[in-house]
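Participant: curious how this folds, go ahead:
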Amino acid sequence: MEESTNRGEFQSSLAKLSSLRSGASFKSTLSGRSTPPSNSPSFRRLNLSRTPRKDGRGFGGSMLFRSNRVLLWLLLITLWAYLGFFVQSRWAHSDKKEEFSGFGTGPRNTGLDSDPSLRRDLIGRDESLSVNNGIIRNKDGIGRTINVALALAKKQTNDDDVSSHRKVSSRKKSKRSSKGKARGKKKLTVEIKNNTIEEQEPEIPQTNSTYGLLVGPFGSIEDRILEWSPQKRSGTCNRKGDFARLVWSRRFILVFHELSMTGAPLSMMELATELLSCGATVSAVALSRKGGLLSELSRRRIKVLEDKAELSFKTAMKADLVIAGSAVCASWIEKYIERFPAGGSQVAWWVMENRREYFDRSKGVLHRVKMLVFLSDSQSKQWLKWCEEENIKLRSQPEIVPLSVNEELAFVAGIPSTLNTPSFSTDKMIEKKQLLRESVRKEMGLTDNDMLVISLSSINPAKGQLLLLESASSVVEHIQLEDGKKMKKLSNIKEGLSTQARRHRARKLLPLLKKGKVASNDISSNSISRKQSLKVLIGSVGSKSNKGDYVKSLLSFLEQHPNTSKSVLWTPSTTQVASLYSAADVYVINSQGLGETFGRVTIEAMAFGLPVLGTDAGGTKEIVEHNVTGLLHPIGRAAGNDILAQNLRYLLKNQLARKQMAMEGRKKVEKMYLKQHMYKKFVDVIVRCMRSK
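Facilitator: Residues are numbered from 1 along each chain as shown. Have a look, this model is predicted:
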């Protein structure tokens, strides 16, 4: 009995000890504390052993898994909802909804052809791509055209539609792998280029048998030969001049009516560049962003405001002076004055047009601005006459600020400017200009016997390119007629000589020909090819200001006169025109109607030593002195074409006269039309506008 009692007590003690240990282990695992004292062996064993900790973690993880079933169900529901949303989105934005009737069963066409409207929008937004990619080079370095459109002035596509298409396309691409993304992106780029060229209506075919040849642009050749970087083309302010002291730390708003590469936008861009260079703060407002100047403005760090309404009005209210650069800016000026009635006192309106339609568009606000600024005396008189007819009284007397040759072109032309350095001296630039001339003419396929006549402007009836082609055609036909008569006369002479006499004459002329002592017309078959021939280059292909119907009329005329078409070249619109001026021999400004307002291209051509053939109207007759710096002819087809043709023939036969006129024209530019001359007159405008707002 006693033994059994002792055995029972012993088992009872073991049970208590076991329960105590299990409780201590569980408690220490959860709280890090144990019941036994710190110096007891059981305390050390419990904390040194890793088995209870492992058991505790396993038990806790199992409990966590079991207690979070709700979270797992929520996760599954979320994934299921996302999958349903994705399928619905694909179905809603697809033109072929039947492909989603069974999910994952239809073919997936994610290329550009799956969305033809996207392709059309992309083509419409990048019309210049066909021009840039429409030139190939053959072995001789002569460019030939590939379906090049001459700027039919297409309507801009809807930006919202394009952005929505791009969002859909990006959503489709988000589900692809990174490799698939790269491959898809590359395919999209290639298809856009090819389709752009194919979709546009070709106006110059691939061969030059009918319409002539597209050449240029020559920016890469120009940069390579001139050896200067774009950074050297800015920062030319004369810090000691009155203009710099006047505009320093002041704020200006410049309003562009568009961003095309034409006279008014280019002049405003040059003004903005000079203001920035002289320490002013400049912001630009673009009423239309069509054209290619946006990237150039960005390169020159000219800030273009995002809108042409509320933001531009608020910025203009804080400015010291607002300069609007076209009569087309009338709508913006009117809305600005409505928003800020006192704003007219800070507006200087630099009007660069001289047609009645522009006056009618702007006559409602002419009397509300501080000052009108014109380009020439003839333009100022014409606008004042219209104001008098409409009983419009201006707030102040207008100012006349003619344009100038920018520093870059003057520098390349060899005229001293602020860009000159010891390594880029005037003499050095004259040498580079000659090298540029030779390289560009070789690229065009011209020889020394070709007289290149150029006309660089937007292609529209006011510029008179068709009349120029008609005059050039009469010159070409006249030359061919004279050549035919000479050939017939030469043939008659040869028939009158005996065989022995012809051999004797050839043996006598051959040594003299090698020494260069015989004229080219002494040689039978070579007499025609060595004469001066006429070549005409017309720009600017791709300009947003071109008129499509007028372009077609030019091409139709050339189709009817194939001999003339062989003498016609075309060049794309570009801001790098130094290469074209360097390669040319004569410049033609054939503006019709009231004539050219001023004609910045006229003074640029004169700076490069080109005689100018211009109409006797508008600002051209103030620049070109007849028989001194060029030759003038009347406007119109009946009165002007014959005289223009005579002037072309005269310069074609008289190289000495060309050189003399070129020299006089260059002198006049250096005297009157450089940058310092224009900004000296701008000082008066700014002072008068800021004197009493």
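
Participant: what about the protein, any weak spots by pLDDT?
Facilitator: Along the chain, segments meeting pLDDT under 70 span 1-67, 85-211, 229-235, 483-530, 692-693.

Participant: from the contact counts, what lies against the strand ranked longest in it?
Facilitator: The longest strand of the chain (DSSP state E) is strand 533-541. Helices and strands touching strand 533-541, as assessed by 3 or more Cβ pairs under 8 Å, 6 or more residues apart in numbering; DSSP states H and E, comprise strand 450-456, helix 465-496, strand 568-572. (C-beta placed from N, C-alpha, C; glycine too.)

Participant: the last one: what's the following helix or strand?
Facilitator: Scanning forward in sequence from strand 568-572 by DSSP states H and E, the next helix or strand is helix 578-583.

Participant: what lies in contact with that next one?
Facilitator: 216-219, 221-222, 226, 408-409, 412-413, 433-434, 436-437, 440-441, 444, 446, 452, 454, 456, 537, 539, 571, 587, 604-605, 607-608, 610 (Cβ atoms under 8 Å, 6 or more residues apart in numbering).

Participant: packing partners of whichever helix or strand comes after it?
Facilitator: Toward the C-terminus, helix 578-583 is succeeded by strand 586-589 as the next helix or strand (DSSP H and E). Applying 3+ Cβ pairs under 8 Å, 6+ apart, one finds that strand 586-589 contacts strand 450-456, helix 600-607, strand 612-615, helix 637-653.

Participant: closest to S553 out of these?
Facilitator: Judged by Cβ to Cβ, the one of the helices and strands packed on strand 586-589 that comes nearest to S553 is helix 637-653, at 12.7 Å.

Participant: what angle separates the closest one from strand 533-541?
Facilitator: Going by axes from the mean of the first three to the mean of the last three Cα atoms, to 10 degrees, helix 637-653 is angled at 120 degrees with respect to strand 533-541.

Participant: CA atoms only for helix 637-653 - export them in CSV, please.
Facilitator: C-alpha atoms of helix 637-653 as CSV (Å, rounded to 0.1, in the frame of the first residue of the first chain):
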residue,chain,number,x,y,z
ARG,A,637,1.2,89.6,-116.6
ALA,A,638,0.6,92.0,-119.5
ALA,A,639,3.1,94.7,-118.4
GLY,A,640,5.6,92.8,-116.3
ASN,A,641,6.3,89.5,-117.9
ASP,A,642,8.0,90.8,-121.0
ILE,A,643,10.2,93.2,-119.1
LEU,A,644,11.1,90.6,-116.5
ALA,A,645,12.1,88.3,-119.3
GLN,A,646,14.3,91.0,-120.8
ASN,A,647,15.9,91.6,-117.5
LEU,A,648,16.7,87.9,-117.1
ARG,A,649,18.3,87.8,-120.6
TYR,A,650,20.3,91.0,-119.8
LEU,A,651,21.8,89.5,-116.6
LEU,A,652,22.3,86.2,-118.4
LYS,A,653,24.5,87.8,-121.0
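
Participant: so which bits of it are buried?
Facilitator: Within helix 637-653, the residues that count as buried by 16 or more other Cβ atoms under 10 Å are 640-641, 643-649, 651-652.

Participant: helix/strand/coil for S288?
Facilitator: Here S288 is recorded as coil under DSSP: H, G, I helix; E, B strand; the rest coil.

Participant: quick check: the gap between the residue nearest to it when sequence neighbours are not counted and P217.
Facilitator: What sits nearest to S288 in space, not counting adjacent residues and going by Cβ to Cβ, 6 or more residues apart in numbering, is E258, at 4.2 Å. Computed as Cβ to Cβ, to the nearest Å, the E258 to P217 distance reads 20 Å.

Participant: also K385?
Facilitator: Applying Cβ to Cβ to K385 and P217 gives a distance of 41 Å.

Participant: export the helices and strands packed on strand 586-589 as a markdown table, with columns for distance to G212.
Facilitator: Shown next, in a markdown table, are the helices and strands packed on strand 586-589 (distance: least, Cβ to Cβ, whole Å):
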| stretch | distance to G212 |
| --- | --- |
| strand 450-456 | 13 |
| helix 600-607 | 21 |
| strand 612-615 | 20 |
| helix 637-653 | 17 |
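
Participant: closest to E390 out of the ones you listed?
Facilitator: Judged by Cβ to Cβ, the one of the helices and strands packed on strand 586-589 that comes nearest to E390 is strand 612-615, at 27.1 Å.

Participant: neighbouring contacts of that closest one?
Facilitator: Contacts to strand 612-615, defined as Cβ under 8 Å, 6+ apart, come from residues 453, 464, 586-592, 595-596, 599, 602, 605-606, 620-621, 623-624, 629-635, 640, 644, 647-648, 651, 661, 665.

Participant: turn the buried residues of helix 637-653 into TSV, columns for distance to F424.
Facilitator: Compiled in TSV, the buried residues of helix 637-653 are given as follows (distance: Cβ to Cβ, whole Å):
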residue	distance to F424
G640	42
N641	43
I643	42
L644	38
A645	41
Q646	41
N647	36
L648	36
R649	39
L651	32
L652	35
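
Participant: closest to Q676 among the residues you listed?
Facilitator: Of these, the one sitting nearest to Q676 (Cβ to Cβ) turns out to be L651, at 31.5 Å.

Participant: which residues touch that closest one?
Facilitator: 451, 585-586, 611, 613, 631, 657-658.

Participant: and K385, how many neighbours does it have?
Facilitator: Burial measure for K385: 11 neighbouring residues, criterion other Cβ atoms under 10 Å.

Participant: from S591, how far out is it?
Facilitator: Distance from K385 to S591, by Cβ to Cβ: 19 Å.

Participant: also K363?
Facilitator: From K363 across to S591, the span is 23 Å (Cβ to Cβ).

Participant: what do you get for S543?
Facilitator: Distance from S543 to S591, by Cβ to Cβ: 16 Å.

Participant: can you list contacts of stretch 461-475?
Facilitator: 355, 453, 455, 457, 459, 534, 536, 538, 547, 550, 553-554, 557-558, 561, 563-564, 567-568, 588, 590-593, 615, 635, 637, 640-642, 644-645, 648-649, 652.

Participant: that stretch: which residues count as buried?
Facilitator: Neighbour-count burial for stretch 461-475, counted by 16+ other Cβ under 10 Å, picks out 462-475.

Participant: in JSON lines: the residues you listed, plus distance to G279.
Facilitator: Below are the buried residues of stretch 461-475 laid out as JSON lines (distance: Cβ to Cβ, whole Å):
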{"residue": "A462", "distance to G279": "38"}
{"residue": "K463", "distance to G279": "38"}
{"residue": "G464", "distance to G279": "42"}
{"residue": "Q465", "distance to G279": "42"}
{"residue": "L466", "distance to G279": "47"}
{"residue": "L467", "distance to G279": "46"}
{"residue": "L468", "distance to G279": "44"}
{"residue": "L469", "distance to G279": "48"}
{"residue": "E470", "distance to G279": "51"}
{"residue": "S471", "distance to G279": "49"}
{"residue": "A472", "distance to G279": "48"}
{"residue": "S473", "distance to G279": "53"}
{"residue": "S474", "distance to G279": "54"}
{"residue": "V475", "distance to G279": "52"}
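
Participant: and which of those residues is nearest to V328?
Facilitator: The closest of those, once distances to V328 are taken by Cβ to Cβ, is A462, at 14.8 Å.

Participant: SS state for the closest one?
Facilitator: Once three-state DSSP is applied, A462 turns out helix.

Participant: distance of it from T262?
Facilitator: Distance, A462 to T262, by Cβ to Cβ: 12 Å.

Participant: quick revisit: strand partners (parallel or antiparallel) of the longest strand of the chain?
Facilitator: strand 450-456 (parallel), strand 568-572 (parallel) (DSSP bridges).

Participant: so the first one versus helix 600-607, what angle?
Facilitator: Counting by the same axes, to 10 degrees, strand 450-456 points 150 degrees away from the direction of helix 600-607.

Participant: quick one: contacts of strand 450-456?
Facilitator: Strand 450-456 is contacted from outside by 441, 444, 446, 463, 465, 468, 472, 532-540, 571, 577, 580-581, 583-590, 601, 605, 613, 648, 651-652, using Cβ under 8 Å, 6+ apart.
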